[in-house]
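[1] okay, sequence plus prediction incoming.
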Amino acid sequence: MVDYPVKVLIAFGETFTGNEELLNWLLNNGYPELAALSSAIRGSEEAFKWLMANGFPELAALDSAIDEDKKAYDWLNYHKHFFLAVLSDACHNQPEAIAWLTRHDLKIFLLIAAKIRHFRDNQTFDYHKIHF
């Protein structure tokens, strides 16, 4: 995820505030995987399935890891998607992850993690969601 332009990452973060215009912008401007990831994190089973079917299992695993699925978190680490595991930890407000992102000057991901955390803290979740 670190390879995306900052403006794209800002748009991705804003999708967690309910900004459908930016979600559609991601979808229609070459970033459908980020639109799907946002939708999956916000509870869309269809978006999760799209990530799996379209070559983005690491983003599907990130969604599941954010949902506290240990198998998905372990999968991220096993397949060397360490950054995504750190991002998942940051979404859970883990001090080590926040320190790591700060130390590596990846503040945009601190913002994204905070937006995801705020969204999650203010939602009711479907515990029947497909697990990774």
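    It's in.
[2] show me where the protein dips below the pLDDT cut-off.
    Counting by pLDDT under 70, the chain shows low-confidence ranges at 124-132.
[3] what segments of this structure are helices?
    6-14, 20-28, 32-41, 45-53, 57-66, 70-78, 82-91, 95-103, 107-121 (DSSP state H).
[4] buried residues, the fourth one. List them.
    Along helix 45-53, these residues count as buried under the neighbour rule (16 or more other C-beta atoms under 10 Å): A47, F48, W50, L51, M52. Every C-beta, even on glycine, is put in place using the N, C-alpha and C of the backbone.
[5] what's the angle from that helix to helix 57-66?
    On the basis of axes from the mean of the first three to the mean of the last three C-alpha atoms, to 10 degrees, helix 45-53 is oriented at 140 degrees to helix 57-66.
[6] same check, this time on the second one
    Here helix 20-28 runs at an angle of 150 degrees relative to helix 57-66 (the same axes, to 10 degrees).
[7] give me the residues contacting helix 20-28.
    Helix 20-28 has contacts (C-beta atoms under 8 Å, 6 or more residues apart in numbering) with V8, A11, F12, E14, T15, P32, L34, A35, S38, S39.
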